[in-house]
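Student: how would this look folded up:
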Amino acid sequence: MQSQDVAPRPAPSPTDPVVDVEQAEAALVEHYPRLVRLAYLVLPPGLGRSRRVLTAHALTQRALPRGRTAAPAIPAQAQPGGTGARAGDPGYAFVRQRVLRSALEAGLPLTFRAWPRRAQLPVLLPQVWGLKLFPRSGGADELALDQRLSALSAEARAAYVLRGLEGLADGDVRRLLAAAGAGDPQAALAEADGVPAQYALLESPEFDACSLQARPTDLMRRRQHGKAALAAVAALAVCGALLGLPGDGWGREGAAAPPYAQNPSAEAALDPAKLVKVAPAAWQSSARTDFSVWPARGDLTDDTALLRRALAVWARPGERVHVSVTPGTPSGGPPGPAQLLWAGNVDNARVVILYDGLRIARYAEPKDGTAGAAMDFARADGASGPEASAVVLDRADGNVRYLTAPWVTKAAERDLLKPGSGAMELTLTDGITSPLASPATRTGACASWNALELSGRDGTVLASDLGELVPARLTTGRPGSERDVTGAGALRGWAPYACGLADMRGQGVRTVNSWRYASQVLPEAGGTAEWVCTRAETWRGGGPRVLAQFRTPGGAYGAVVAKAENVAACGPRDPHVLAGVLWKAEGGGWYLLAAGSGDVASVEAQGGVTGSGQGNLLAVEAEQGAQAELKGDLEDGRVISGLR
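Tutor: So this is what the prediction gives:
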């Protein structure tokens, strides 16, 4: 049973910090969603979800003092693992105590022995006519927790919420409950101990009284009274008042954060009616082969609400939106109306893919709400032909599904490690491939590496998923003369070095070229080894990654012997490379082996191993663990250093 009375407010101590109305208002506005959540959780469940929502907002909005007043002695705390932004804020501590006291008073039954308290009376403002508002539904765990909390007294619910939501220690909870008028704080804590400490669930949308769903009231009664139009207008006005704190009009945008500044041109870019939708046949008559001629596809291209949410989250993703950005990609909103590439249902999600001339933006949300929404950004400026042939549409259970360009007529999956096994054809439905296994998130031994093979107007293109929205195009050949990986010879050349692609995941890679730049006869009749340079070019231009790999006769895979970043070596601007490795012969002897590209006239080793030789190859006896510096003289007299 709940106590019939709330204890009087304790007299303020002279040492308590003084809070004025401006400080309290700033704290209330900044932490409004959290204070409303606290009130909603403490209020009696018997009120019903819709009435609890309105009462929680009313109690929170009435928490401001009339003037300067002393703050409670219990300081505001940060939730464990949180940012600590509320710690030590007397304004927040004051309004939290006022909200808590009002929520406890609201649960007291009315009696004839005393005048009713303000919190016990029906709220006058805010009000909603014609709609019932309630938080979004959570999962089974949230429902079970709500039922357990419903069985507690108001003081025990408050104790549980202060522990979990506010992260207060039991001593602080007792003092805050006493200051808020609870009759027996210790008994409230003991009662709260009977509920499992599932504090993370208190942050669930199930208990968020600021992110609401709306349903109509009794439609027949409204029709009989002829007030449907008036109810709709009032509902819109009051919903704006409820959901507009601290911004204006963000509730309809789901996972987006509130707008903090209004900019007419930026707001125009977020208007779904202004999205560019290219006609299905436009690419056939265009000289361009880039994303700008992709048609708008999918079964939700006319879903204005979905498109508005996607654009709003692009401009200002909320705190609970998972955002991924490839290196060098700006994540701000579109500079103008974006182009719609796709909007539709994929598996258990709604997906929107947009393009603004510089970036691909992919928004995904569950079909049953916006909780767990994700926003991915990737650069795609200058993409044309093969590089604009596919975009990741969906990832699930280690598989990836692509949306392909309209000129792609055939798609297949090919294991780079098995060049002789052939390609497995993928189904194409309205430009969407059937799922294929992705190596992007694979860990452990590299036993396969599946690539996407696309055929169409640009011939055949091979691309690899490296964990980004646009797959990386794979090529082969001397820098400046690269060509796509087609034909048995090119596939066999890539096979031993495909596992090296794992070092390039998540780097914003545009293309990867593999080039066999030297062959070397090994000492002690060890056969012939090959040297390969693998270079990844990025969309941002800078930050390329270069790998030098060495493969002995009969070796299944190449070994990475040198890595470098932000270098011109092995690229179109500087198609030269030099690398070395310590190698052990079958007879037990150790050698320093070095190889340069074909235009290296001589190679020299200094440091732990010394030696030199004419031509682009060097083999010098060495000790195990020795280290050396390599340099090479080009035929034009320039000196290059070995990759490290």
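Student: Just the helices from the stretch 401-550 of the chain, written as ranges.
Tutor: Counting by DSSP state H, counting those that start in this stretch, the stretch 401-550 of the chain has helices at residues 488-494.
Student: Just the CA trace of stretch 20-30, in PDB.
Tutor: Written as PDB, here are the backbone C-alpha positions of stretch 20-30 (Å, rounded to 0.1, in the frame of the first residue of the first chain):
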ATOM      1  CA  ASP A  20      17.700  30.800  -9.600                       C
ATOM      2  CA  VAL A  21      14.900  30.300 -12.100                       C
ATOM      3  CA  GLU A  22      17.200  30.800 -15.100                       C
ATOM      4  CA  GLN A  23      19.600  28.100 -14.000                       C
ATOM      5  CA  ALA A  24      16.700  25.700 -13.300                       C
ATOM      6  CA  GLU A  25      15.100  26.400 -16.700                       C
ATOM      7  CA  ALA A  26      18.400  25.800 -18.500                       C
ATOM      8  CA  ALA A  27      18.800  22.400 -16.700                       C
ATOM      9  CA  LEU A  28      15.100  21.500 -17.400                       C
ATOM     10  CA  VAL A  29      15.400  22.300 -21.100                       C
ATOM     11  CA  GLU A  30      18.800  20.500 -21.500                       C
END
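Student: tell me which residues of that stretch are tucked away?
Tutor: In terms of neighbour count (16 or more other Cβ atoms under 10 Å), stretch 20-30 has its buried residues at Q23, A24, A27, L28, E30. Every C-beta, even on glycine, is put in place using the N, C-alpha and C of the backbone.
Student: try stretch 636-644
Tutor: Going by 16+ other Cβ under 10 Å, stretch 636-644 has these buried residues: I640, G642, L643.
Student: same deal with stretch 559-570?
Tutor: Neighbour counts over stretch 559-570 (16+ other Cβ under 10 Å) mark V560, V561, A562, A564, A569, C570 as buried.
Student: what's in contact with the helix or strand that V581 is a member of?
Tutor: Under the criterion of DSSP states H and E, V581 resides in strand 578-584. Identification of contacts with strand 578-584 by Cβ atoms under 8 Å, 6 or more residues apart in numbering yields 522, 531, 533, 548, 550, 552, 559, 561-562, 590-597, 600, 603, 605, 618, 622, 624-626, 628, 630-632, 640-643.
Student: Tell me where the stretch 251-400 of the chain is predicted with low confidence.
Tutor: Scanning the stretch 251-400 of the chain for pLDDT under 70 picks out 251-268.
Student: redo that, cut-off 50
Tutor: In the predicted model, the stretch 251-400 of the chain carries pLDDT under 50 at residues 251-252, 260-261.
Student: Please enumerate the strands of it.
Tutor: 322-325, 339-346, 349-355, 359-366, 374-379, 390-396, 399-404 (DSSP state E, counting those that start in this stretch).
Student: Now mean neighbour count and distance to A188 too, for the ones you listed, in TSV please.
Tutor: Below are the strands of the stretch 251-400 of the chain laid out as TSV (neighbours: other Cβ atoms under 10 Å; distance: least, Cβ to Cβ, whole Å):
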stretch	mean neighbour count	distance to A188
strand 322-325	14	37
strand 339-346	21	47
strand 349-355	24	43
strand 359-366	22	37
strand 374-379	21	40
strand 390-396	21	45
strand 399-404	22	51
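Student: Mind putting these into CSV with distance to G431?
Tutor: Formatted as CSV, the strands of the stretch 251-400 of the chain follow (distance: least, Cβ to Cβ, whole Å):
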stretch, distance to G431
strand 322-325, 23
strand 339-346, 8
strand 349-355, 11
strand 359-366, 15
strand 374-379, 18
strand 390-396, 9
strand 399-404, 5
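Student: Out of these, which is closest to A58?
Tutor: The closest of the strands of the stretch 251-400 of the chain to A58 is strand 359-366. By Cβ to Cβ, the value is 31.1 Å.
Student: May I have that closest one as CSV, with CA atoms only?
Tutor: C-alpha atoms of strand 359-366 as CSV (Å, rounded to 0.1, in the frame of the first residue of the first chain):
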residue,chain,number,x,y,z
ARG,A,359,28.8,10.7,-51.4
ILE,A,360,26.6,7.6,-51.2
ALA,A,361,24.4,7.7,-48.1
ARG,A,362,22.6,4.6,-47.0
TYR,A,363,19.8,4.8,-44.3
ALA,A,364,18.3,1.6,-42.8
GLU,A,365,15.7,1.2,-40.2
PRO,A,366,13.7,-1.8,-38.9
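Student: Quick one: distance of that strand to the chain centre.
Tutor: In terms of Cα atoms, centre = their mean, to the nearest Å, the centre of strand 359-366 is set 10 Å apart from its chain centre.
Student: can you list the domains in the protein?
Tutor: Domains of the chain are assigned by automatic domain parsing as 18-111+137-210, 264-382, 392-575.
Student: what mean pLDDT does the first one have?
Tutor: Right, the one you point to is domain 18-111+137-210. Taken as a whole, domain 18-111+137-210 carries a mean pLDDT of 82.
Student: Return the distance of the residue nearest to R350 when sequence neighbours are not counted relative to G336.
Tutor: Leaving aside its chain neighbours, R350 sits nearest to E365 (5.4 Å; criterion: Cβ to Cβ, 6 or more residues apart in numbering). Applying Cβ to Cβ, to the nearest Å, the value for E365 to G336 is 24 Å.
Student: Next: D599.
Tutor: The value you get for D599 to G336, if Cβ to Cβ is used, is 47 Å.
Student: again with R157
Tutor: For R157 relative to G336 (Cβ to Cβ), the value is 50 Å.
Student: For those two, work out which one has more neighbours and name it.
Tutor: R157 (26 against 13; other Cβ atoms under 10 Å).
Student: Which strands or helices does the host helix or strand of the more buried one pack on?
Tutor: In this assignment (DSSP H and E), R157 forms part of helix 154-164. Judged by 3 or more Cβ pairs under 8 Å, 6 or more residues apart in numbering; DSSP states H and E, helix 154-164 is in contact with helix 32-42, helix 90-106, helix 170-179, helix 185-192.
Student: now these in a markdown table, with distance to D271 and mean neighbour count?
Tutor: What follows is these, written out as a markdown table (distance: least, Cβ to Cβ, whole Å; neighbours: other Cβ atoms under 10 Å):
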| stretch | distance to D271 | mean neighbour count |
| --- | --- | --- |
| helix 32-42 | 27 | 23 |
| helix 90-106 | 37 | 25 |
| helix 170-179 | 47 | 19 |
| helix 185-192 | 49 | 19 |
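Student: what about the ones you listed, which gets the closest to P135?
Tutor: Using Cβ to Cβ, the helices and strands packed on helix 154-164 put helix 32-42 closest to P135, at 7.7 Å.
Student: following the closest one, which helix or strand comes up?
Tutor: Past helix 32-42, the next helix or strand by DSSP H and E is helix 49-61.
Student: Contacts for that next one next, please.
Tutor: Counting by Cβ under 8 Å, 6+ apart, 28, 32, 35-37, 39-40, 43-45, 47, 95, 99, 102-103, 106, 119, 123-128, 132-135, 209, 212, 242 sit against helix 49-61.
Student: what about 6 Å?
Tutor: 35-36, 39-40, 43, 99, 102-103, 123, 126, 132-134, 209, 242 (Cβ atoms under 6 Å, 6 or more residues apart in numbering).
Student: cool, stretch 293-313 as well?
Tutor: 253-256, 270, 272, 277-278, 280, 282-283, 286, 321, 340-344, 350, 352, 363, 375, 430-431.
Student: circling back: quickly name whichever of the buried residues of stretch 20-30 is closest to L64.
Tutor: Nearest to L64, judged by Cβ to Cβ, of the buried residues of stretch 20-30 is A24 at 5.5 Å.
Student: what's the helix or strand for the closest one?
Tutor: Using DSSP H and E, A24 falls in helix 21-30.
Student: Can you list the neighbours in contact with that helix?
Tutor: L64, P65, D89, G91, Y92, F94, V95, P246.
Student: That helix vs helix 90-106, what angle?
Tutor: 70 degrees (axes from the mean of the first three to the mean of the last three Cα atoms, to 10 degrees).
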